[in-house]
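Engineer: Take a look and give me a structure for this.
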Amino acid sequence: MDPLTSVIEALKHDKIIPDVVPETFNPSLLFSIGYPSGKEVLLGNEFTVDETQDEPSINFTPLNMPTEQADSQEEVSYTLAMVDPDAPSRAEPLYKSFRHWLITGLKSPRDSASTTSDLNALESKPATTPYRPPGPRPGSGLHRYVFLLFQEPGSTAFTVPAGSPEYGAALEERRSWDAVKFAESK
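Structural biologist: Got it, this is the predicted structure:
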């Protein structure tokens with residue numbers, strides 16, 4: 001089984017498909033998330049609240065990482081969203097999906113994978129929604145925290161318009177946000 005098919009199967013197993021992304025979701029590249037503690041986010045692994053307090057790094061997997069748009073010399077850029085579809089609990093996801101982080105303008109490392117060991121995404125802009133570490137309510141059970149990476153549209157720099165809800169950092173402004181709808185509207 002190829003790696004992207006494995007991702008789909010894992011997402012279905014944990015009900016990320018269809019709770020967060022639709023049945024038609026078709027991933028096209030691999031990426032990883034690593035916390036400063038050295039612990040890497042894997043499909044289905046568990047973290048303590050303490051392990052997620054600091055903003056993680058985003059790493060692109062060179063196996064399938066395009067570095068240029070197919071029809072131009074433009075660099076491909078990405079938006080990463082971190083959401084909690086289980087807010088405040090999986091049994092009652094009233095605030096599905098709580099937006100923990102939104103960062104646009106991510107680019108792959110400038111060198112190819114064969115010439116660099118640093119695969120950290122290059123951040124060309126500050127986060128639109130600053131990182132907010134997980135903090136589930138006591139007794140709310142396990143939460144699924146989902147990282148989604150979307151390729152940004154077009155040949156011009158993608159920008160979330162000023163005044164958009166994605167700039168909201170208060171708890172109330174982060175609730176009930178649909179990452180897929182956001183990506184489809186851009």
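Engineer: can you give me the helices for this protein?
Structural biologist: Using DSSP state H, the helices of the chain run over residues 3-13, 16-19, 171-174, 179-185.
Engineer: How far off centre is the first one?
Structural biologist: Right, helix 3-13. The chain centre lies 16 Å from the centre of helix 3-13; the measure is Cα atoms, centre = their mean, to the nearest Å.
Engineer: chain center to the worst-scoring helix or strand of the chain on mean pLDDT, what's the gap?
Structural biologist: One helix or strand of the chain scores below all others by mean pLDDT, DSSP states H and E: strand 122-123, with a mean of 85. Put simply, strand 122-123 sits 14 Å off its chain's centre (Cα atoms, centre = their mean).
Engineer: show me where the chain has strands.
Structural biologist: Taking DSSP state E, the strands of the chain run over residues 31-34, 40-41, 57-60, 77-84, 98-107, 122-123, 146-151.
Engineer: Wait, L149 touches Y78, no?
Structural biologist: Yes - look at L149 against Y78 with Cβ atoms under 8 Å: they come within range, at 5.3 Å. C-beta coordinates here come from the backbone N, C-alpha and C atoms, glycine included.
Engineer: show me what contacts the residue nearest to F158 when sequence neighbours are not counted?
Structural biologist: Leaving aside its sequence neighbours, F158 sits nearest to E152 (Cβ to Cβ, 6 or more residues apart in numbering; 3.9 Å). E152 sits next to 76-79, 104-105, 158, 186 when contact means Cβ atoms under 8 Å, 6 or more residues apart in numbering.
Engineer: Okay, now the unreliable bits of this protein?
Structural biologist: Where the chain drops to pLDDT under 70, the residues are 62-74, 110-118, 155.
Engineer: Kindly recompute the last result at 80.
Structural biologist: Under the criterion pLDDT under 80, the flagged ranges of the chain are 1, 61-75, 109-119, 154-157, 186.
Engineer: Distance check, the closest residue to Y35 other than its chain neighbours against S77.
Structural biologist: Excluding the flanking residues, the one nearest Y35 by Cβ to Cβ, 6+ apart is P56, at 4.7 Å. From P56 across to S77, the span is 19 Å (Cβ to Cβ, to the nearest Å).
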